[in-house]
Structure formats: structure tokens, C-alpha cells
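let's see this in three dimensions:
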Amino acid sequence: MSVTVIDASAVAAVVFDEPEAAPVLASVEQSILAPSLLRYEMASICAVKLMRDPRQAKITLDRYRLFTGLEIEFAEPEWDLLPVLARQWELTAYDAAYLQLALTRNAPLVTLDARLAAAYDKAARLASRRP
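A predicted model of the protein is given here:
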């Protein structure tokens, strides 16, 4: 079964109904895979939204609850590789987890993070050149 790896920026756009949601949804045609840290990142994004606009707390929490209904397969990254990938591609270890899963599974990566997207494009090109 083929999968698409999706990061927190893309999931948050859909869950919180942000303008970037439509292109994200159009980019996902397969089952969704993410590192388990996505749960923490989504909780953190929700907490920030609650702090920034407490008047919208009910709507924010209702939208956050939609996240638990999404069909996402969670996987653990290869932890030993994360510091190396993060350093190699100048990413956080969090972003390296998404990159590592996408590269290991030979899967597309959907993200709104320009730095992560650029790293994925370069790393995927390099990986495709290997015999």
C-alpha cells in the first residue's frame, strides 16, 4: 500500500480550515503516514491558537477534535538517523522525522514548510539516483 507522509503544518491547515487546506487535500491521494510526534505538534498548535485568540476557544477545540478522527497511520522514525538528517539538511529533529519516514517509505511528503519541502526534494532526487 502506498502512503503519503504529511507534516503538522499541512494537517493543521486542514484541521483548522486555513487557506492552504485545499492544496493540501488535493495533494493527498493515498493513505496518510506521520511520525507519532504529530500528535504533540498538533496539540501545541492548538494551544498556541487558544492563547492567541481565547474568544475562539470553542471553535478551536472543536476543530482540534477533528484531528482524532483522521485516518493517519503513526510510525516511529529511526531515531538514530534523526540528528544526522537534521544536520545534513539543516532541519529540526522534528522535521527530520517526517523527512526520514518519507525517504524510507519512498513516499511523497506534503508540507507547507518551505525548508522541509526543499530538503525533501533534494534528498529524494539523490535517493532516486542510487542504484
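
show me where this structure has strands.
Per DSSP state E, the chain carries strands over the ranges 3-6, 31-35, 72-75, 109-110.

count the neighbours of R55 for me.
Per other CB atoms under 10 Å, the neighbour tally for R55 reads 7. In short, each C-beta sits where N, CA and C put it, glycine included.

dump the strands of the chain into CSV; add mean neighbour count, mean pLDDT and distance to K49 as well.
Output for the strands of the chain, formatted as CSV (neighbours: other CB atoms under 10 Å; pLDDT from 0 to 100; distance: least, CB to CB, whole Å):
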stretch, mean neighbour count, mean pLDDT, distance to K49
strand 3-6, 24, 96, 19
strand 31-35, 21, 96, 20
strand 72-75, 14, 96, 20
strand 109-110, 26, 96, 21
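
and A117, which of these is closest to it?
Closest approach to A117 among the strands of the chain is made by strand 109-110 (7.3 Å; CB to CB).

which strands or helices does the closest one pack on?
strand 3-6, helix 93-104, helix 114-129 (3 or more CB pairs under 8 Å, 6 or more residues apart in numbering; DSSP states H and E).

give me that answer again for 6 Å
In terms of contacts (3 or more CB pairs under 6 Å, 6 or more residues apart in numbering; DSSP states H and E), strand 109-110 is packed against strand 3-6.

returning to that earlier point: how about the strands of the chain, which one is nearest Y64?
If you check each of the strands of the chain against Y64 by CB to CB, strand 72-75 wins as the nearest, at 14.3 Å.

contacts for that closest one?
Outside strand 72-75, the residues within contact range by CB atoms under 6 Å, 6 or more residues apart in numbering are 32-34, 36.
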